[in-house]
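*Asks:* From the sequence below, what's the structure:
(2 chains)
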Amino acid sequence: MGNGTSIGRVRGLGSAHSGAGTWLQERVTGLASLIVSLYLLVSLLLLPAYNYLTVKAWISAPLPATAMVLFVIVNFWHARAGLRVVIEDYQHEHGSKLFFLLALDLFAFAGAAFGVLSIVRLALGA
Amino acid sequence: MASANKVGARNRPLSPHLQIWRWGPAMLVSILHRVTGAGLSLAGLGVLLYWLGALASGPEAYAQFVKCMGHPVGLAVLVGLTWAFWQHTATGIRHYVLDIGAGYELETNARWSVLTIVFSILLTVATWALILAR
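*Replies:* Model (predicted):
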């Protein structure tokens, strides 16, 4: 894959000069995901029961609510970063690649919004 | 690289896919990392939103969620997600080590690849043992 000749650049055969950022994002959100995931796991193991009142009381408190908002944001971010790579690896047609990448963005942003809203609603006393 | 055909260029070489290579631990856990990541993204985040949405909707919706997840199929999904989480965590940490340029010696690489699977199975059993023993 040369990036030396002008015709090679026109055909998109060279480096895009913008990949390190998304690569690093995947690593950083992965580490963040591990932290909030372990927090959720330990919290769930420490809960005395999994009925509505117990779980609601837990997630409505300020610290768990903050952690769970971060959990939703970080994991949707990380999932988007990872699934982008999967789509880019298997979808080589420009049209279908664009379709799947846009569908992924819709899924990631809509899902994260729904998750955050649910937690905020609980934390503010639904 | 189907786009190369469209512009009339010669067929460019493609790298061989799964069926060409001889299977080894590194290849297996690399594939597992991608499969568990996709599973956690789609099924895992789906269950997460179902859980949060049910909690925010009220006691009836939450009872429905508990009933659904208590069904054998629901439990199988939860156990599967637990394993996927630990496997993805272990292979993720393996990737961080590989990212700094360590662990490429053949024996070391194969040993740590196998250990990620041992780790994920043990942690899945331990997690559910703790849940059931509560």
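*Asks:* For chain A, see how far away the closest residue to residue B:24 other than its chain neighbours is.
*Replies:* Closest residue in space to residue B:24, ignoring its immediate chain neighbours: residue B:110 at 6.6 Å, by C-beta to C-beta, 6 or more residues apart in numbering or on different chains. All C-beta spots, glycine's among them, are computed from the backbone N, C-alpha and C. The gap separating residue B:110 from chain A is 23 Å, by C-beta to the nearest C-beta, to the nearest Å.
*Asks:* OK, contacts around residue B:110?
*Replies:* B:24, B:25, B:26 (C-beta atoms under 8 Å, 6 or more residues apart in numbering or on different chains).
*Asks:* would you list those residues in a markdown table and tack on pLDDT and secondary structure?
*Replies:* What follows is these, written out as a markdown table (pLDDT from 0 to 100; DSSP: H, G, I helix; E, B strand; the rest coil):
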| residue | pLDDT | secondary structure |
| --- | --- | --- |
| B:24 | 91 | coil |
| B:25 | 95 | helix |
| B:26 | 94 | helix |
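*Asks:* nearest to residue B:73, of the residues you listed?
*Replies:* residue B:25 (31.2 Å; C-beta to C-beta).
*Asks:* you'd agree the closest one is up against residue B:108?
*Replies:* No. Using C-beta atoms under 8 Å, residue B:25 and residue B:108 do not qualify as a contacting pair, with a distance of 11.1 Å.
*Asks:* Which residue of these two possesses the greater neighbour count?
*Replies:* residue B:25 (16 against 12; other C-beta atoms under 10 Å in any protein chain shown).
*Asks:* residues touching that one, list them.
*Replies:* B:109, B:110, B:113, B:114.
*Asks:* next one: the lowest-mean-pLDDT helix or strand in chain A to chain centre, how far?
*Replies:* Least confident element among the helices and strands of chain A, by mean pLDDT, DSSP states H and E: helix A:6-10 (a mean of 72). The chain centre lies 34 Å from the centre of helix A:6-10; the measure is C-alpha atoms, centre = their mean, to the nearest Å.
*Asks:* Check whether it comes near chain B.
*Replies:* No. Helix A:6-10 is not in contact with chain B by C-beta under 8 Å from any C-beta of the partner chain; minimum separation 9.9 Å.
*Asks:* where does chain B come near chain A, residue by residue?
*Replies:* Checking chain B against chain A by C-beta under 8 Å from any C-beta, the hits are B:1-3, B:7, B:9, B:34, B:37-38, B:40-41, B:44-45, B:48-49, B:52-53, B:55-56, B:58-59, B:62-63, B:66, B:85, B:89, B:92, B:96, B:99, B:127, B:130-131, B:134.
*Asks:* tell me the secondary structure for residue B:52?
*Replies:* helix (DSSP: H, G, I helix; E, B strand; the rest coil).
*Asks:* State the number of residues packed around it.
*Replies:* 23.
*Asks:* ditto for the one 5 residues further on
*Replies:* Other residues within reach of residue B:57, judged by other C-beta under 10 Å, total 15.
*Asks:* now swap in residue B:32 and tell me
*Replies:* 19.
*Asks:* okay, it: pLDDT?
*Replies:* pLDDT for residue B:32: 97.
*Asks:* What is the burial count for residue B:117?
*Replies:* Residue B:117 has 18 nearby residues by other C-beta under 10 Å.
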